[in-house]
Every structure is written in structure tokens, then in C-alpha cells.
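Undergrad: After the sequence you'll find the predicted model.
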Amino acid sequence: MRQRSLAAVFVLSVLVTPMLVSAQDAGGAPMRTVDGHPDISGMFTFRTLTPFERPAQFEGLETLGVEEAAAFEASERTRQNRDLFDPERGARTAGYAPRSEGGVLSYNEFWYERGVELTSDKRTSLIVDPPDGRRPPRTAAGQADLARRRAHTEVHRYDSYENRTMSDRCLGTSLAGPPMRSGAYNNNAMIFQTADYVVIQNEMANQSRIIPLDDRVRPPFAQLKGLSRGRWEGETLVIETTNFRADSSVTGQNLHLVERLTRRDADTVTYEYTVTDPTVFTAPYTVMMPLRRTDGPIFEYACHEGNIGMYGILAGARNLERLGRELRP
């Protein structure tokens, strides 16, 4: 599923090494590059068991006590473990359909790299604002647009490769960002910087974001991942991204994304982002998750299944049409 990409890592290491100061000073001040900016570079993981939104069972609880956290972590490790999944009866709580409904068990637990514990502060959600730990309600227009797109997908998902998701087409995944989100595997990123740029290379989908650290004019066109510009505000790198395409996997063309990266200690960078899109959500929301230092290298993301599966999906649909059989949604 993944192969080492040592050559790429070597090249990136050559680019990074001259810019870094290797340690904090005696007073514990943030590490800095030779040009005086905070050093946020390194190899990081953001895997975690902390849910994106706060589960109903923890309503009103921002954090858990030691015993509560340990019990939840143990329960989640069991619930999500694919080796414990029963493919005949299914395991609804883990989100896997039984074979009778077309479910398959594509990978066993070996391939997964999800988190095994909550964040160090034992938060019950990665969303920190609103205080309830959940995304704000969608606007009426946002709800209508979502319903329209889902209805269109149900009818046309087998028409063409253009109707499949970016993940299906091996062209990327929303987990790689912007903004970055924790998922089942490939929760790793390498950050390196110069005086003029910061680059975030995600293990997921081999995505690299090259972020200029100036206010150069944005081109008058949109991109799937938007157009990013960075700036330093004290000890924090602030990245603003706009110019998203209408089919952006986050919200849409009106998304205004602000990411903040702050070096906390030798092993941790805080990653925080705020999503603002008044055409989709009734209010902004903010997510915070730690980037924790990890040993490299990152791995190549080889999407062989999607490349082969795309042909099978569409060929199967055309065959069912020839037989006069209904396509399953």
C-alpha cells in the first residue's frame, strides 16, 4: 500500500538542513531558523482518537478524567479494530456494512495507523469553538445545496469517472487538506521552511503545499486546494487560503480558511484552523490538534486500488445497463 520514498526525503532534507537551529536555548525559548523566524519544521504525526466533533455521550464535557479517558480509548481501539470485525454479521458501530449489503473487508488492522489515544489534554473533540465541540448548523442555502449534490450523486455516480470522488480517482483526499485532518492512516506530514516559503508535505496523497510568506497578488482563478499566503504573527505562522474551487472538498468556493502553526516545544507544534463560509455554515468553527514529532521517513502513497477499481466500477455499471438491471446506489 505504501513504499518508502527515501530519495524524496533526502532531497527535502538537503533543502531544510541549512536553515535550522537544532535546539532550543537554555531558557526554553522556541527554536528559530537562521533568519530569526520560529522553527516549525520537522516530521510530525497528527493521528489521534479524539473525535472531530464531540460525541453525544460527552455533551457538556470539554475534557475527560484519567479513568474516563482510558475507558473511552480502550473502547475505541476495540470498536475500530478491523481484525475484530465480523464480515458476515457486520459491525454497525464501526461503520462497516455486512456482506449481505455489499460490504467488504478490504484491509485488516495491519494497514491502519489511526490514533490509539486522545490528545494529551484528553479533549472530547478536536473542534474547540463553538464550545459545544460541534460544527455550527448549515445555512438554509447550505442544506439545500448539500441535498442537491447528494441527490445528483445518487443518480449519476456511475455515469463517468468525473462523477467519482477525488479519492476514487486517486487525485487526492480531503484529509490532506487544507485543512489537515486526522484519519485512519497516513497521518504524517513533513514541514520545512526557508525565509520566503513554508512547505507542508503530507504523506496522505503525496500532497505538497508551497506557501509563499508574502502578500503577493493572488491569481484570478480558483484551485481545488485554494491559494495560500503565509505571514508571521509573533511566534505563530498564519496561513490564509481563499480562491477555492466550487467543488472543493471542504465547503466550497466561498471558504476562507485561516491556519495557525505555533512551536510549543521541541516535540510539538500546535495546528489550529478556522473555517469561515457564511454560505454554508451559520458561524465559523475552529479546530485544534497537536502535531507531534515522529521519526521518518514518510511513505509514498500509492493508490493502486483506485486506479484499478475505477475501471471495474464503470465497467460493471455498463454491464448491468446492458443486462437491463438497476444500478445500486
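TA: Arrived safely. Values in this document were obtained by computation on a predicted structure and should not be read as measured data. Residues are numbered from 1 along each chain as shown.
Undergrad: What's the separation between Arg260 and Thr286?
TA: Using C-beta to C-beta, to the nearest Å, Arg260 is found at 9 Å from Thr286. In short, each C-beta sits where N, CA and C put it, glycine included.
Undergrad: Now do the shared contacts for these two.
TA: Taking C-beta atoms under 8 Å, 6 or more residues apart in numbering as the contact rule, the neighbours common to Arg260 and Thr286 are 272-273.
Undergrad: now Pro48, nearest residue through space, not along the chain?
TA: One correction, residue 48 is Thr, not Pro. Ranked by C-beta to C-beta, 6 or more residues apart in numbering and with sequence neighbours excluded, the top spatial neighbour of Thr48 is Gly115, at 3.9 Å.
Undergrad: burial count for the one you found?
TA: Using other C-beta atoms under 10 Å, the number of residues around Gly115 comes to 20.
Undergrad: Next: the one 5 residues further on.
TA: Residues lying near Ser120 (other C-beta under 10 Å) number 11.
Undergrad: could you give me the average pLDDT of stretch 300-313?
TA: Predicted confidence along stretch 300-313 averages 79 (mean pLDDT).
Undergrad: List the residues that contact Cys303.
TA: By C-beta under 8 Å, 6+ apart, the contact set of Cys303 is 170, 205.
Undergrad: Quick check: bridge partners of Tyr301?
TA: Counting by DSSP bridges, Tyr301 is bridged to Arg2.
Undergrad: what sits against it?
TA: Contacts of Tyr301 by C-beta under 8 Å, 6+ apart are 2, 186, 203-206.
Undergrad: distance of it from Pro278?
TA: In terms of C-beta to C-beta, Tyr301 sits 34 Å off from Pro278.
Undergrad: With Leu314 instead?
TA: Distance from Leu314 to Pro278, by C-beta to C-beta: 37 Å.
Undergrad: ditto for Asp121
TA: Asp121 is 31 Å from Pro278, by C-beta to C-beta.
Undergrad: so where is the stretch 1-150 of the chain shaky, pLDDT-wise?
TA: 1-30, 86-99, 102-106 (pLDDT under 70).
Undergrad: could you pull out the helices for it?
TA: For the stretch 1-150 of the chain, the helices defined by DSSP state H, counting those that start in this stretch cover 6-16, 66-79, 140-156.
Undergrad: Contacts for the last one next, please.
TA: Here helix 140-156 makes contact (C-beta under 8 Å, 6+ apart) with 138, 163, 252, 279-281, 329.
Undergrad: Which PyMOL command selects the buried ones in those?
TA: Typed into PyMOL, the line below selects the buried ones among the contacts of helix 140-156, using 16 or more other C-beta atoms under 10 Å:
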select buried, resi 138+252+280+281
